[in-house]
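J.: return a 3D structure for these sequence lines:
(2 chains)
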Amino acid sequence: DIVLTQSPALAVSLGQRATISCKTNQNVDYYGNSYMHWYQQKPGQQPKLLIYLASNLASGIPARFSGRGSGTDFTLTIDPVEADDTATYYCQQSRNLPTFGAGTKLELK
Amino acid sequence: QVQLKESGPGLVQPSQTLSLTCTVSGFSLTSYHVSWVRQPPGKGLEWMGVIWTGGSTAYNSLLKSRLSISRDISKSQVFLKMNSLQTEDTATYYCAREGEALDYWGQGVMVTVSS
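T.: Predicted structure coming up:
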């Protein structure tokens, strides 16, 4: 299985930039696509897709969210951070059978 | 619009079998794969398995011996069955549509394994 590693938590100030990282133990690129996706989950809610194939913004997601990376290193950036962005963020790969990172909890300073 | 809704028992006894249904609308099961994902209380997401548009399935290697996913295309329903449940299977169970990623999710159903 492909293992995804995320930092457990991140604290940022309102209006600042948040950068959440996800590292994999295997390359998740295949034929020009990076099979990495990002989700936001708030307490009591189902996960919501933010970014697919590393850098594509999902429908209805504000442009404050962006993703980049390839191979084994990926980042999700939120800029600027708003109060409503406090949540847990998960990366997920689909290069092989899907696996998720453990999640990064974003908090406000 | 696209919707997925999970249903099933909220309480299952240890060693028994869990049966869940995911009823979808707004898309066809022959056009999109559907995955099951679970989340124990306070913990992260675990992908369980998928039923592909052609009807074949794939499972998480840790659950493969206990898990079965099937579907009824005419009813737009996907089924999950998992046997030999233990307390560590207590979780919220989600079904999700797979487009380029898991783009639509159900609200989830909480399942508690307890006697």
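J.: which bits of chain B sit near chain A?
T.: Contact residues, chain B versus chain A (C-beta under 8 Å from any C-beta of the partner chain): B:35, B:37, B:44-47, B:50, B:58, B:60-61, B:94, B:96, B:99-103, B:105-108. Using the backbone N, CA and C atoms, a C-beta is placed for each residue, glycine as well.
J.: narrow the residues you listed to just the buried residues.
T.: Buried residues within these, counting neighbours by 16 or more other C-beta atoms under 10 Å in any protein chain shown: B:35, B:37, B:45-47, B:50, B:58, B:60, B:94, B:96, B:99, B:101-103, B:105-106, B:108.
J.: on the strand side of things, show who the residue nearest to the spatial centre of chain A bridges to.
T.: Note on chain A: the residue nearest the mean C-alpha position is residue A:38, at 3.6 Å, using C-alpha atoms, centre = their mean. According to DSSP bridges, the residues that bridge with residue A:38 are residue A:51, residue A:91.
J.: look up how far residue B:87 lies from it.
T.: Residue A:38 sits 31 Å away from residue B:87, going by C-beta to C-beta, to the nearest Å.
J.: do residue B:48 as well
T.: In terms of C-beta to C-beta, residue B:48 sits 17 Å off from residue B:87.
J.: so between the two, which is more surrounded?
T.: Neighbour totals were compared for residue B:48 and residue B:87, and residue B:48 leads with 23 against 10 (other C-beta atoms under 10 Å in any protein chain shown).
J.: ok, that one touching residue B:34?
T.: No: contact criterion C-beta atoms under 8 Å: residue B:48 and residue B:34 do not qualify, at 11.3 Å.
J.: buried set for stretch B:77-94?
T.: In stretch B:77-94, counting by 16+ other C-beta under 10 Å, buried: B:77-80, B:82, B:85, B:89-94.
J.: and that stretch, how far out from the chain middle?
T.: 7 Å (C-alpha atoms, centre = their mean, to the nearest Å).
J.: what's the answer for stretch A:68-77, then?
T.: 9 Å.
J.: and the end-to-end length of it?
T.: 8 Å (C-alpha to C-alpha, to the nearest Å).
J.: cool, and stretch A:69-84?
T.: Taking C-alpha to C-alpha, stretch A:69-84 runs 25 Å from one end to the other.
J.: what does it rub up against?
T.: A:12-29, A:34, A:36, A:38, A:50-51, A:54-55, A:64-68, A:85, A:89, A:91, A:106, A:108 (C-beta atoms under 8 Å, 6 or more residues apart in numbering or on different chains).
J.: can you rerun that using 6 Å?
T.: Here stretch A:69-84 makes contact (C-beta atoms under 6 Å, 6 or more residues apart in numbering or on different chains) with A:12, A:15-24, A:27, A:29, A:34, A:36, A:38, A:54, A:64-68, A:85.
J.: same question, stretch A:88-98
T.: The set of residues external to stretch A:88-98 that reach it, using C-beta under 6 Å, 6+ apart, is A:2, A:4, A:20, A:22, A:28, A:30, A:35-41, A:99-101, A:103-105, B:45, B:47, B:58.
J.: how far does that stretch stretch from start to finish?
T.: 19 Å.
J.: and it, what's its mean pLDDT?
T.: What stretch A:88-98 shows for mean pLDDT is 97.
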